[in-house]
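Asks: pasted the sequence and its predicted model underneath.
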Amino acid sequence: MRAAEKSLQDAQAHRPEVEAKLTESRRVKEQLKAHNRANRYSDWIESVVLGRLSG
């Protein structure tokens, strides 16, 4: 029983660290999505401009 209590205490002690890593991972994922969205828009603008120049 003491081993189980110790295991639970250890898990609870690491919880803030795990939650911080999860939050950071989510933040990075959202930044990556925004970056990809901006790149797609930039590529679209470039294709429009090049299309007009060649047409």
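Replies: Yep, that arrived. Residues are numbered from 1 along each chain as shown.
Asks: can you report how many residues neighbour residue 48?
Replies: Look at residue 48: counted by other C-beta atoms under 10 Å, it has 10 neighbours. The way it works is simple: take the backbone N, C-alpha and C, and place the C-beta from them, glycine included.
Asks: with residue 50 instead?
Replies: 10.
Asks: ditto for residue 13
Replies: Neighbours of residue 13 (other C-beta under 10 Å): 9.
Asks: just checking, what packs against the helix or strand containing residue 4?
Replies: Assigned by DSSP states H and E, residue 4 falls within helix 2-54. Judged by 3 or more C-beta pairs under 8 Å, 6 or more residues apart in numbering; DSSP states H and E, helix 2-54 has no packing partners among the helices and strands.
Asks: next one: it to chain centre, how far?
Replies: 0 Å (C-alpha atoms, centre = their mean, to the nearest Å).
Asks: average pLDDT across it?
Replies: Taken as a whole, helix 2-54 has a mean pLDDT of 94.
Asks: when you give positions from now on, start the count at 12
Replies: All set: I'll call the first residue 12, so the last point we hit is now helix 13-65.
Asks: any idea how far the residue nearest the centre of the chain is from residue 46?
Replies: With distances taken as C-alpha atoms, centre = their mean, the residue of the chain nearest its centroid is residue 40 (1.4 Å). Using C-beta to C-beta, to the nearest Å, residue 40 is found at 11 Å from residue 46.
Asks: which residues does residue 39 contact?
Replies: By C-beta atoms under 8 Å, 6 or more residues apart in numbering, no residues touch residue 39.
Asks: how much space between it and residue 33?
Replies: Taking C-beta to C-beta, one finds residue 39 at 11 Å from residue 33.
Asks: what's the answer for residue 40, then?
Replies: Applying C-beta to C-beta to residue 40 and residue 33 gives a distance of 11 Å.
Asks: who touches both of the two?
Replies: Between them, residue 40 and residue 33 share no contacting residue, judged by C-beta under 8 Å, 6+ apart.
Asks: how near is residue 51 to residue 63?
Replies: 19 Å.
Asks: typo on my end, it should be residue 24
Replies: 61 Å.
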